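[1] Return atomic coordinates for the entry below.
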Amino acid sequence: MTALKMSMPPPLAGGAADPASPVAPAQAGEPDDDTLLARAAGGDRRAFALLARRHTPKALSVAQRILGSAAEADEVVQEAWLRVWNKAGQWRPDGTARFSTWLHRIVVNLCLDRRRRPVMAGLEEAPEEEDPSPAAPDLLARRQVDGQVAGALAELPERQRAALSLCYYEELTAVEAGRILDLSVAAMESLLARARRALRARLAARGITGAEEEQ
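    Okay, the predicted model is just below:
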């Protein structure tokens, strides 16, 4: 497949997903990621589309946690998939590296490269509908705390946001997150510790304690 023919992937359906959306699991009998990527490198658009459906929800979650904006997260993930399409032939599975790690590294790097305004605007993009159920007051209080945590997270440096997003929201290990951020385990743990301290300090300034541990 020539570079010219690989210059544009098939369009990805849908927009930004809920930040809590998990990776779509592979269905029984479906090819694994490495097989799909190899087929995509040969120009197989169906294989690429399946790979995208499988990993886009989590990629969007990572991007939105870092950027704070669903619209920007969607743009970043679209660009990330374009890069995957164009570089699919460069992927060489070695038994230890995973495609998801490579994809998330691309997503995180694109997010960090943006270095735009503070990401508070993303918190106002989707107004919540009122819930008439008896649990509504508790739900509202929880959403308010979540909003405060998101606001405090938005004030952190980009790499600290990325560390917290990967390790706490996406529940990756320090080893996995370190591979994405191109850090040793020790450096990743140090970055994560600084990020937690910074987040706690910002939450305390907002009069919130204990929220970070609940996230």
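
[2] Spell out the secondary structure type for residue 172.
    Secondary structure for residue 172, judged by DSSP: H, G, I helix; E, B strand; the rest coil, is coil.

[3] Please read the previous query as pertaining to residue 209.
    Put simply, residue 209 is coil when judged by three-state DSSP.

[4] which SSE is the residue lying closest to it once chain neighbours are set aside in?
    Nearest non-adjacent residue to residue 209, counting by Cβ to Cβ, 6 or more residues apart in numbering: residue 203, 6.9 Å away. Using the backbone N, CA and C atoms, a C-beta is placed for each residue, glycine as well. Residue 203 is part of helix 185-205, with elements assigned from DSSP states H and E.

[5] Would you state the strands of this protein in chain order?
    Here the chain has no strands by DSSP state E.

[6] How is it partitioned into domains?
    Per automatic domain parsing, the structural domains of the chain span 1-119, 132-214.

[7] I'd assumed residue 78 was in contact with residue 63.
    No: assessed by Cβ atoms under 8 Å, residue 63 is found out of contact with residue 78, at 10.1 Å.

[8] what's around the residue lying closest to residue 102 once chain neighbours are set aside, how many residues?
    In this structure, residue 102 finds its nearest non-sequential neighbour in residue 91, 6.9 Å apart by Cβ to Cβ, 6+ apart. The local packing of residue 91 (other Cβ atoms under 10 Å) involves 16 other residues.

[9] just the one 10 residues further on next, same as before
    Neighbourhood size, residue 101 [other Cβ under 10 Å]: 17.

[10] Pull the contacting residues for it.
    Shown in contact with residue 101 (Cβ atoms under 8 Å, 6 or more residues apart in numbering): 176, 179-180.

[11] Narrow these to those in helices?
    176, 179-180 (DSSP state H).

[12] where's residue 85 relative to residue 99, distance?
    According to Cβ to Cβ, to the nearest Å, residue 85 stands 13 Å off from residue 99.

[13] re the thing from before, which of residue 63 and residue 78 has more neighbours?
    residue 63 (30 against 17).

[14] what about the nearest residue to the more buried one once chain neighbours are set aside, neighbour count?
    Nearest residue to residue 63 in three dimensions, chain neighbours excluded: residue 73, at 3.7 Å (Cβ to Cβ, 6+ apart). Residue crowding around residue 73 was assessed by other Cβ under 10 Å; the count is 27.

[15] these two touch, right, residue 73 and residue 56?
    No: between residue 73 and residue 56 there is no contact, the gap being 10.6 Å when judged by Cβ under 8 Å.

[16] Ranking by neighbours, what's the top pick from the ones in helices among the contacts of residue 101?
    residue 180 leads these on contacts (other Cβ under 10 Å) with 24 neighbours.

[17] quick one: that one from residue 67, how far?
    Distance from residue 180 to residue 67, by Cβ to Cβ: 16 Å.

[18] Looking at the ones in helices among the contacts of residue 101, which one is closest to residue 106?
    residue 180 (9.2 Å; Cβ to Cβ).
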